[in-house]
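Chemist: Quick check, what structure comes out for this input:
(one chain, ligands or ions: 1)
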Amino acid sequence: MSADVELDRVTVRFGQFTAVKEASLKIAGGEFFSFLGPSGCGKTTILRTVSGFLDPSEGAVRIAGKDMIGIGANKRPTALIFQNLALFPLMTVAENITYGLRVRGMSKADRRKRADELLHLIALPGQGDKLVSELSGGQKQRVAIARALAVEPQVLLLDEPLSALDLKLRQHMRNELRAIQQRVGITFIYITHDQGEALTMSDRIAVMNNGVIEQVGDGKAVYDEPRTSFVASFVGENNPFAGRVAKADGTGAVVETPFGLLRGRNPNGVKEGDKAILFVRPEALRVGEGSKDATVTSTVLNVAFEGNASHIFLKGADKKDITLTVGRLERVEIPEQGSTASVTYNP
Ligand code: ATP
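Modeler: Below is the predicted model of the structure:
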């Protein structure tokens, strides 16, 4: 069974310092929901108010419609997975998975049955008798998930659980976690500073900065229609071009930039004459195509080859460099460092 989770103007203060400011949102039952933001933005603090290790200074946390204030962590329908997993290395996999069930007095036979079910779920069938110390990082990760799921929580809370794994395994575990979440169908609340993780796994994402939730939406919305400069620059790369709005309507705006007049989306409803920043994705810029209306010529500062793409850094106006990305399969000649290249905006 899954439960919805509601934060209602949650504020958390530590002395004079406000770690979370009036966070309000509703997470639906069965949703994979992520909090994304840089270190120190308040993600873990929010998670602690949901898990019950911390009560908010103001506001309310409700799970399945029930006010949780004053209800301890062990009385809530939640389970928590930390970054360091906290498995017992000298116990077997099955003993680790069923630890919480033993504490609750479940019989040995029932525990064995439940462990077998969970080992199937995490794709480690028949591995129950191995010692945890014999497992790989990714396998340990899956055992920690199984242990948290064993007690049948309605909400699983995950605090950067993949950050100790190497890149390849981390990417593999993203798919794995998402698949497990869809199989069990409970609510997952996931904390990360890694935008790739948040974008690939989540139904919706809350982007946080300095204790404030700046935007809530699905991956496409926060990537394509960021509402604040912070979201635009934190979620993926972006080139900020400051300028003045020449024309605006409900769907878009035309901004006078160093590239000339460029059209972009207008999520904040800017009006003609306003100052604005147009954010341009590196993949929306082209080198050497030389169109008349949206081209600047600039010096190539650096070229970084990254396998499937190359990132080109050019000297921009107002001391901000321009970054553009050229995919491997694009038939584009990559300019050399120190050369001059023309850059075109492709709306
Ligand atoms: P990270 O990704 O580094 O874990 P985070 O976004 O999860 O960061 P939090 O752990 O929620 O950040 O911390 C938010 C802010 O609150 C930080 O500035 C932190 O120093 C502060 N903070 C957290 N817990 C306490 C505490 N018990 N006492 C005082 N300050 C705290």
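Chemist: And the helices in this protein, which stretches?
Modeler: Assigned helices in the chain, in chain order: 43-51, 93-97, 99-103, 108-121, 137-150, 167-184, 195-201, 219-224, 229-234 (criterion: DSSP state H).
Chemist: Take the ones you listed and write them to JSON lines, including distance to the ligand.
Modeler: In short, each C-beta sits where N, CA and C put it, glycine included. As requested, these are exported to JSON lines (distance: least, CB to the nearest ligand atom, whole Å):
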{"stretch": "helix 43-51", "distance to the ligand": "3"}
{"stretch": "helix 93-97", "distance to the ligand": "25"}
{"stretch": "helix 99-103", "distance to the ligand": "25"}
{"stretch": "helix 108-121", "distance to the ligand": "28"}
{"stretch": "helix 137-150", "distance to the ligand": "18"}
{"stretch": "helix 167-184", "distance to the ligand": "16"}
{"stretch": "helix 195-201", "distance to the ligand": "12"}
{"stretch": "helix 219-224", "distance to the ligand": "17"}
{"stretch": "helix 229-234", "distance to the ligand": "12"}
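Chemist: can you list those helices in a markdown table and add mean neighbour count and mean pLDDT?
Modeler: Output for the helices of the chain, formatted as a markdown table (neighbours: other CB atoms under 10 Å; pLDDT from 0 to 100):
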| stretch | mean neighbour count | mean pLDDT |
| --- | --- | --- |
| helix 43-51 | 22 | 96 |
| helix 93-97 | 25 | 93 |
| helix 99-103 | 15 | 87 |
| helix 108-121 | 16 | 91 |
| helix 137-150 | 22 | 88 |
| helix 167-184 | 16 | 87 |
| helix 195-201 | 20 | 94 |
| helix 219-224 | 17 | 94 |
| helix 229-234 | 20 | 94 |
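Chemist: Nearest to Asn210 among these would be which one?
Modeler: Among these, helix 229-234 comes nearest to Asn210, with 8.6 Å by CB to CB.
Chemist: That closest one - contacts with which helices or strands?
Modeler: Counting contacts by 3 or more CB pairs under 8 Å, 6 or more residues apart in numbering; DSSP states H and E, helix 229-234 packs against strand 204-209, strand 212-217, strand 239-248, strand 275-280.
Chemist: so which of those strands comes closest to the ligand?
Modeler: If you check each of the helices and strands packed on helix 229-234 against the ligand by CB to the nearest ligand atom, strand 204-209 wins as the nearest, at 6.9 Å.
Chemist: tell me the angle of the closest one relative to strand 212-217?
Modeler: Here the directions of strand 204-209 and strand 212-217 differ by 160 degrees (axes from the mean of the first three to the mean of the last three CA atoms, to 10 degrees).
Chemist: Relative to Gly29, how far out is Met1?
Modeler: Plainly put, Met1 is 8 Å away from Gly29 if you go by CB to CB, to the nearest Å.
Chemist: Just the pLDDT for Ile186.
Modeler: Looking at Ile186, its pLDDT reads 95.
Chemist: tally of neighbours for it?
Modeler: 23 (other CB atoms under 10 Å).
Chemist: quick one: contacts for it?
Modeler: Contact analysis of Ile186 by CB atoms under 8 Å, 6 or more residues apart in numbering lists 1-3, 30, 149, 153-156.
Chemist: Please name the residues that touch the nearest residue to it once chain neighbours are set aside.
Modeler: Using CB to CB, 6 or more residues apart in numbering and skipping the chain neighbours, the partner closest in space to Ile186 is Ser2 (4.3 Å). Applying CB under 8 Å, 6+ apart to Ser2 gives the contacts 29-30, 154-155, 185-187.
Chemist: Below-threshold pLDDT in the stretch 151-300 of the chain: ranges please.
Modeler: The model of the stretch 151-300 of the chain has pLDDT under 70 over residues 289-294.
Chemist: Give me the domain ranges for the chain.
Modeler: Domain assignment for the chain by automatic domain parsing gives 5-224, 237-345.
Chemist: out of those, nearest to Phe230?
Modeler: Comparison of the domains of the chain against Phe230 by CB to CB identifies domain 5-224 as nearest, at 4.6 Å.
Chemist: starting at the chain centroid, how far to the closest one?
Modeler: 13 Å (CA atoms, centre = their mean, to the nearest Å).
Chemist: Do you know the pLDDT at the closest residue in space to Glu152 that isn't next to it in sequence?
Modeler: In space, and not counting its chain neighbours, Glu152 is closest to Met1: 7.8 Å by CB to CB, 6+ apart. Looking at Met1, its pLDDT is 82.
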